[in-house]
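Asker: here are the coordinates; sequence isn't available:
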């Protein structure tokens, strides 16, 4: 009577497990209704199909067969566009075999579904495969192949479930392994798996219809196992966790098994009165829920306490109830043995003998049945061995023929493989040769590009040197003109003023000529190296330049849109020369009435714009001719890593845009 059975509510919702009671903690209709609403609103047929299959299981869990069938049909109708759902539907439709009583068909459908789902790497596929393997294992358990069921859980189902990331499923599978160990009296091993089951279920965050029930069942079974191991402190801690939840659900049928574990906790510590109270609560709850398996366990546990307390009348009543309400002959045999003990204790030896005899008869008949089964099994093995001998003779002959065919096939395949390898070798050599040619050609192209770049760099260096030399020479000439020739002309003028008054009539003409010469000298000196640029900066120098170039026919307007700009002197000279050259070109060729010179700056970029409303020119033609002025401008712009753009329209004017890196 201490055997623990698998529960129906486990994640596979298996309807072939031993228990006929669906555990319920709270109202799952709210969760199911949310899935129903989501399924109605979703547009994707694939998602709607998958949710429909899930709903068919959920409604099966709450014993609504009609809704379960409707959603199963809807899932099958919408699955057509998804290969995964087609394969997954093999599992969901497998329960139709159970309804027909075809358990072999159910097993085959499970194996086929598992095989089909192996090719998918989705979490949902891993989850389904773990559930399928659990169901298949339960079928093996029904055939008394409990070891096969355990191997399936440990070696296949649990590793696959871990890949799905579904903690509730992993917990349920660990719990199933623990129950097998408990059934076989290996409580220590069971404790390891129950500990894992509890850790996983407590870390589950994903809401499901069975999460609460799974957690409570794990607590209750773990507590029961710890009691049997005499780990009473740990058992009490877990029972307290379960009680805190269950006290909110006094009508839940999980109270049936909770009170069994609680009563066992008290009984193993010889707290008989507390144990009887717990067992009585459990018996009332189990009877109310028609949970006959739990009721029988509670009755027998209560009997053991009553027997220890020598309350033989109540103990006999419990055993007689169990004999009457137990369908399993093995359990009845054990009850007869216990009845014999009770009557022997009350010194009713005739009744004690009667039940002892019934126990022996059943025990002997079971042994005879086992013996007959062994004889039948041996006979079947003998016949199988004889058949295998005949088959092996036929197979040996067939194997020779097959071997010859295989040898011929192998030779053909070997020849084909060698031919293919030869083809690959030739192809590789040809591709390698082409690659080397392309590589050589690319190297030549790269080398030519490097030479061109070097040549351009050399030209730029020469141009820069010329520009710098030109500026140095301009400074020298300007200084010589100002300091030398300018001083001489000024001295000459002073001497002429002191000259003999006899030449007074000619002196005004000479003074006028000297004034013009000094003025021209100053203009030449200013053009060579503007004094305002050296003393007052770029803005004043450019303003003076624009004013000096304005005349009665052409107005030069100047805009300087920079606040507190401070540039190195060599950059200011370079910018001044560029604008000076552009102004000279406009005045010389454009025949413009208005010229606009604009300067601005954004971070490290200096912008120059010179626009006129003159006659314009053909830019492409001018670039081919490229006079000295345009070449000087380009060289200076290139020296500052800048950009030059000229836009000119015949009879509409010319615009020059320059960007300089400063």
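Answerer: Structure received. All values derive from a computational prediction rather than experimental measurement.
Asker: now residue 347: how far from residue 312?
Answerer: Distance, residue 347 to residue 312, by Cβ to Cβ, to the nearest Å: 10 Å. Just so you know, the C-beta spots here come from the backbone N, C-alpha and C atoms, and that holds for glycine as well.
Asker: scratch that, residue 200 is what I was asking about
Answerer: 45 Å.
Asker: who's more crowded, residue 347 and residue 312?
Answerer: residue 312 (16 against 7; other Cβ atoms under 10 Å).
Asker: residues touching that one, list them.
Answerer: By Cβ atoms under 8 Å, 6 or more residues apart in numbering, the contact set of residue 312 is 306, 342, 345, 346.
Asker: quick one: the strands in this protein?
Answerer: 555-560, 594-602, 605-612, 643-649, 653-661 (DSSP state E).
Asker: how much does the fourth one deviate in direction from strand 605-612?
Answerer: Here strand 643-649 runs at an angle of 20 degrees relative to strand 605-612 (axes from the mean of the first three to the mean of the last three Cα atoms, to 10 degrees).
Asker: From the chain's centroid, how far away is strand 643-649?
Answerer: 53 Å (Cα atoms, centre = their mean, to the nearest Å).
Asker: List the neighbouring strands of it plus their orientation.
Answerer: strand 653-661 (antiparallel) (DSSP bridges).
Asker: Give me the buried positions along the strand it pairs with.
Answerer: Residues 653, 654, 655, 656, 658, 659, 660 are the ones in strand 653-661 that count as buried (16 or more other Cβ atoms under 10 Å).
Asker: mind listing what the closest residue to the fifth one other than its chain neighbours touches?
Answerer: Yep, that's residue 658 we're talking about. Spatial nearest neighbour of residue 658, chain neighbours left out: residue 608 (4.1 Å); criterion: Cβ to Cβ, 6 or more residues apart in numbering. Neighbouring residues of residue 608 by Cβ under 8 Å, 6+ apart: 575, 578, 579, 582, 597, 598, 599, 656, 657, 658, 660.
Asker: From one end of stretch 205-216 to the other, what's the distance?
Answerer: 15 Å (Cα to Cα, to the nearest Å).
Asker: Okay, buried residues for that stretch please.
Answerer: Per 16+ other Cβ under 10 Å, stretch 205-216 contains these buried residues: 208, 209, 210, 211, 212, 213, 214, 215, 216.
Asker: from the chain's centre, how far out does that stretch sit?
Answerer: 26 Å.
Asker: quick one: average pLDDT of that stretch?
Answerer: Averaging pLDDT along stretch 205-216 yields 85.
Asker: do the same with stretch 356-372
Answerer: The model assigns stretch 356-372 a mean pLDDT of 70.
Asker: Just the pLDDT at residue 529, thanks.
Answerer: 62.
Asker: same check, this time on residue 107
Answerer: pLDDT, read off for residue 107, is 89.
Asker: For it, which non-adjacent residue is spatially closest?
Answerer: residue 139 (5.3 Å).
Asker: and what of residue 589?
Answerer: That would be residue 617: by Cβ to Cβ, 6+ apart, it lies 7.0 Å from residue 589.
Asker: circling back: quick one, which of the strands of the chain is nearest to residue 283?
Answerer: Nearest to residue 283 among these is strand 594-602 (90.6 Å), distances taken as Cβ to Cβ.
Asker: Buried residues in the closest one, which are they?
Answerer: So for strand 594-602, counting by 16+ other Cβ under 10 Å, buried means 595, 596, 597, 599, 601.
Asker: Put together TSV for those, with distance to residue 36 on each row.
Answerer: Shown next, in TSV, are the buried residues of strand 594-602 (distance: Cβ to Cβ, whole Å):
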residue	distance to residue 36
595	81
596	76
597	78
599	74
601	69
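Asker: Which of those sits closest to residue 84?
Answerer: Of those, the one sitting nearest to residue 84 (Cβ to Cβ) turns out to be residue 601, at 63.7 Å.
Asker: who touches the closest one in this structure?
Answerer: Per Cβ under 8 Å, 6+ apart, neighbours of residue 601: 561, 562, 565, 607, 662.
Asker: Any idea which of the strands of the chain gets closest to residue 72?
Answerer: Closest among the strands of the chain, using Cβ to Cβ: strand 594-602, at 70.4 Å.
Asker: I'd like the distance from stretch 619-630 to the chain centre, please.
Answerer: With Cα atoms, centre = their mean, you get 61 Å for stretch 619-630.
Asker: what's that stretch in contact with?
Answerer: Against stretch 619-630 from outside (Cβ under 8 Å, 6+ apart): 581, 584, 585, 634, 646, 647, 648.
Asker: change it to 7 Å
Answerer: 581, 584, 585, 646, 648 (Cβ atoms under 7 Å, 6 or more residues apart in numbering).
Asker: what's the answer for stretch 587-594, then?
Answerer: Residues contacting stretch 587-594 (Cβ under 7 Å, 6+ apart): 549, 553, 554, 555, 557, 586, 612, 613, 614, 615, 653, 654.
Asker: can you tell me the distance between the two ends of that stretch?
Answerer: Per Cα to Cα, the first residue of stretch 587-594 is 10 Å away from its last.
Asker: any idea how far residue 36 lies from residue 353?
Answerer: According to Cβ to Cβ, residue 36 and residue 353 sit 63 Å apart.
Asker: between these two, who's got more neighbours?
Answerer: The residue with more neighbours, out of residue 36 and residue 353, is residue 36; 18 against 13, by other Cβ under 10 Å.
Asker: Check what pLDDT that one gets.
Answerer: pLDDT, read off for residue 36, is 79.
Asker: what's the nearest residue to it if we skip its chain neighbours?
Answerer: Closest to residue 36 by Cβ to Cβ, 6+ apart is residue 55, at 6.5 Å.
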